[in-house]
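1. Provide a 3D model corresponding to the input given below.
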Amino acid sequence: MLYFAPWKIVVILVTCLLGILFAVPNLFTREQLATLPGWMPAQQVNLGLDLRGGAYLLLEVDLEGVQRERLESLVESVRSELQAGRIRYTGLGVVGNAVQVRIRDAAQFDTAREALNKIPQPLSAGFLGGSGGKDVQIEAGPDGLFTLSFAEQGLKERADAAISESIEIVRRRIDELGVTEPSIQRQGADRIIVQLPGVGDPGRIEEILGTTAKMTFRMVDTSPEAIAGRTPPGSMLLTSDTERGADGKPRTFVVRKKIEVDGDELENAQAALNQQTGQWVVNFRFNSAGGRKFANVTKENVGKPFAIVLDNKVISAPVIREPILGGSGQISGNFNVQTANDLALLLRAGALPAPLNVVERRAIGPDLGADSIRAGWIASVIGFALVVVFVFAAYGLFGLFANIALVLNLVLLVGLLSLLQATLTLPGIAGIVLTMGMAVDANVLIFERIREEQRLGRGVIGSIDAGFKRAMSTILDSNLTTILTAIVLFSFGTGPVRGFAVTLMLGIAISMFTAIWVCRLMLAEWVRRRRPRQLYV
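-> So this is what the prediction gives:
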């Protein structure tokens, strides 16, 4: 046990040197890091929200909004199918959580049923994890009344998909803002926690995340009925926040419900300054499929107004002067530099599948984080000092070796956190403090076992060898149990609990390396050089 192959010594020394090298950047400020040699790592441990300050948002996904949108879309599908089959109907609309329509002519009941049966589509199946059933259920009632509702499995799958998609889009929007180390996590059935360390303006973040940014391109209804001020079936009345009438009030537009081109087919969007008008605009470009649709729509509707709609508000409604074949266009309005950039950001990140409501918002100042760091630092120093004094007093020279391993343990832990770019929170500091106490557990078990072997009359090398061998099973059992507990905390916990679990897992793993390998190497070298005849443990 006291013999080390040369390659083992090299592995131990290289590991320790790399750990020290990755821990060193944490001794410098970010400005000082720029002056260090290029070959040195520059990663530092990222401080969490409770240490650095920043913004905390608890968002709730409006799943009812998803349901409403799907029902409205189903209404349009029913209207299209019945009109295509020349089937006379009345009372088409949303009633509760279903769509109802009454067929006027009893002779067309069977034809209507066949037309409506074309609407349901299979749910995501196979590798997508769906059930493979029908998304829409149709019930025929008396007097030609048809009721269409969504299957429960379909509702559940759509809700889960909306949550997952919302998290991904929130993450993309945060990344576009350039926030480093954000924490975005799902909580419960329909909530999302967003933690943004170092962000000083949570109001703007709330505005960016709370905007659905669902952009659609629709035709303005120019029928005589719409011009007369009425809203025909298949159209809707929308207002504009950017265009105003002669009376100074926001203009209203009657636009078709049919979406000609969806904003999901946008490929890029950038804010720019229009050199001719001096106003800020947003230039956008469609992908190939969207570009073809956009070209076809502008070809077929030259001379007609075309509405650009964002979150059910008309941004602009320009008249199509000529076909636009390049797949790109421009959005103009009363933009300033920030609103233009924010709109471009939202379009690049994509639209949310459902509105997000802010349930809770907190701004955490850096002073509170500084107090937490100071308190954590004091607790760490006191805990470290008590452990060092106790171990040295109890085990003398062997205790000194254990203390050196403990210092190295902390350095390696900081270096590994820096390498992984992990986020350190206040519970994470608690995990480090706990690790310091547990890091010497292995050494205590080994040293006590060495004492027992000495009492049994074994020599120096035999006592050390037996101490390490017979304490190994106990060390592995206790540490693996703790690591398993930390894995459970990480798997089922959120935010601070996971931060505690991460530092605890890493600390325990590193303590096993320092206690079993590093400390044993120091003991082996000491025995080889000093050749003691008796151990004073």
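2. Tell me the helices and strands packed up against the longest helix along the chain.
-> Longest helix in the chain, counting residues (DSSP state H): helix 366-419. With contacts defined as 3 or more Cβ pairs under 8 Å, 6 or more residues apart in numbering; DSSP states H and E, helix 366-419 has these neighbours: helix 6-23, helix 49-52, helix 426-439, helix 441-455, helix 496-513, helix 519-530. Glycine gets a C-beta too; all of them are placed from N, C-alpha and C.
3. so how far is that helix from its chain's centroid?
-> Here helix 366-419 shows a centroid-to-chain-centroid distance of 33 Å under the convention Cα atoms, centre = their mean, to the nearest Å.
4. Make 505 the first number, not 1, from now on.
-> Yes, from this point I'll number from 505; that puts the last item at helix 870-923.
5. Return the list of helices and strands in contact with the helix or strand that that helix is followed by.
-> Scanning forward in sequence from helix 870-923 by DSSP states H and E, the next helix or strand is strand 927-928. In terms of contacts (3+ Cβ pairs under 8 Å, 6+ apart), strand 927-928 is packed against strand 550-551, helix 1000-1017.
6. Mind doing that once more with 6 Å?
-> With contacts defined as 3 or more Cβ pairs under 6 Å, 6 or more residues apart in numbering; DSSP states H and E, strand 927-928 has no helix or strand neighbours.
7. what are the C-alpha coordinates of stretch 574-590, in PDB please?
-> C-alpha atoms of stretch 574-590 as PDB (Å, rounded to 0.1, in the frame of the first residue of the first chain):
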ATOM      1  CA  ARG A 574     -56.800  26.000 -30.400                       C
ATOM      2  CA  LEU A 575     -60.500  26.300 -30.200                       C
ATOM      3  CA  GLU A 576     -60.500  29.400 -32.400                       C
ATOM      4  CA  SER A 577     -58.300  27.600 -34.900                       C
ATOM      5  CA  LEU A 578     -60.800  24.700 -34.800                       C
ATOM      6  CA  VAL A 579     -63.600  27.100 -35.600                       C
ATOM      7  CA  GLU A 580     -61.800  28.300 -38.700                       C
ATOM      8  CA  SER A 581     -61.100  24.700 -39.800                       C
ATOM      9  CA  VAL A 582     -64.800  23.800 -39.400                       C
ATOM     10  CA  ARG A 583     -65.900  26.900 -41.400                       C
ATOM     11  CA  SER A 584     -63.400  26.000 -44.200                       C
ATOM     12  CA  GLU A 585     -64.600  22.400 -44.400                       C
ATOM     13  CA  LEU A 586     -68.300  23.200 -44.400                       C
ATOM     14  CA  GLN A 587     -67.900  26.000 -46.900                       C
ATOM     15  CA  ALA A 588     -65.800  23.800 -49.200                       C
ATOM     16  CA  GLY A 589     -68.600  21.200 -49.100                       C
ATOM     17  CA  ARG A 590     -71.300  23.800 -49.700                       C
END
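8. quick check: mean pLDDT across it?
-> Confidence over stretch 574-590, taken as the mean pLDDT, stands at 85.
9. now do stretch 740-750
-> 79.
10. do the same with stretch 797-805
-> 89.
11. For the residue nearest to the spatial centre of the chain, give its distance to residue 992.
-> Computing the C-alpha centroid of the chain and ranking residues by Cα atoms, centre = their mean puts residue 688 first, at 3.6 Å. Between residue 688 and residue 992 the distance is 22 Å, computed by Cβ to Cβ, to the nearest Å.
12. ranges for the strands of the stretch 655-804 of the chain?
-> 687-691, 695-701, 719-723, 739-748, 754-760, 765-766, 770-777, 784-790 (DSSP state E, counting those that start in this stretch).
13. can you put those in TSV and add distance to residue 582?
-> Formatted as TSV, these follow (distance: least, Cβ to Cβ, whole Å):
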stretch	distance to residue 582
strand 687-691	34
strand 695-701	33
strand 719-723	19
strand 739-748	16
strand 754-760	17
strand 765-766	20
strand 770-777	29
strand 784-790	29
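14. who wins for proximity to residue 847 among the ones you listed?
-> Taking Cβ to Cβ, strand 784-790 is the member of these nearest to residue 847, at 5.3 Å.
15. What helices and strands are in contact with the closest one?
-> Using 3+ Cβ pairs under 6 Å, 6+ apart: strand 784-790 touches strand 770-777, strand 832-839, helix 841-853.
16. most neighbours per residue, which of the ones you listed?
-> helix 841-853 (a mean of 19; mean count of other Cβ atoms under 10 Å).
17. still on that earlier bit, rank the helices and strands packed on strand 784-790 by pLDDT, which is bottom?
-> Minimum mean pLDDT among the helices and strands packed on strand 784-790: strand 832-839, a mean of 80.
18. Run through this structure and note the low-pLDDT ranges.
-> 505-506, 624-638, 684-685, 704-705, 749-750, 869-873, 998-999, 1040-1041 (pLDDT under 70).
19. Residue ranges of each domain in it, please.
-> 510-555+871-1034, 568-661, 715-867 (automatic domain parsing).
20. Show me the one of those domains that comes nearest residue 562.
-> The nearest among the domains of the chain, by Cβ to Cβ, is domain 715-867 at 3.9 Å.
21. picking that back up, which residues does the residue nearest to the centre of the chain form a beta bridge with?
-> residue 698 (DSSP bridges).
22. That one is in contact with residue 700, isn't it?
-> No: Residue 688 lies out of contact with residue 700 (Cβ atoms under 6 Å); the separation is 9.1 Å.
23. Now do the shared contacts for the two.
-> Both residue 688 and residue 700 lack any common contacting residue under the criterion Cβ atoms under 6 Å, 6 or more residues apart in numbering.
24. Reformat the helices and strands packed on strand 784-790 as JSON lines; add distance to residue 908.
-> What follows is the helices and strands packed on strand 784-790, written out as JSON lines (distance: least, Cβ to Cβ, whole Å):
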{"stretch": "strand 770-777", "distance to residue 908": "56"}
{"stretch": "strand 832-839", "distance to residue 908": "63"}
{"stretch": "helix 841-853", "distance to residue 908": "50"}
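25. Indicate which one of these is closest to residue 675.
-> Per Cβ to Cβ, nearest to residue 675 of the helices and strands packed on strand 784-790: helix 841-853, 8.8 Å.
26. List the buried residues of the very next helix or strand once past that closest one.
-> Using DSSP H and E, the helix or strand that follows helix 841-853 in sequence is strand 860-868. For strand 860-868, a neighbour-count test (16 or more other Cβ atoms under 10 Å) marks 860, 862, 868 as buried.
27. of those, closest to residue 530?
-> Using Cβ to Cβ, these come closest to residue 530 at residue 868, 21.9 Å.
28. how close does the closest residue to that closest one other than its chain neighbours sit to residue 550?
-> Residue nearest to residue 868 in three dimensions, not counting chain neighbours: residue 557, with 4.8 Å by Cβ to Cβ, 6 or more residues apart in numbering. The spacing between residue 557 and residue 550, counted by Cβ to Cβ, is 13 Å.
29. ok so, going back, export the buried residues of strand 860-868 as a markdown table, with columns for distance to residue 919.
-> Below are the buried residues of strand 860-868 laid out as a markdown table (distance: Cβ to Cβ, whole Å):
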| residue | distance to residue 919 |
| --- | --- |
| 860 | 38 |
| 862 | 39 |
| 868 | 28 |
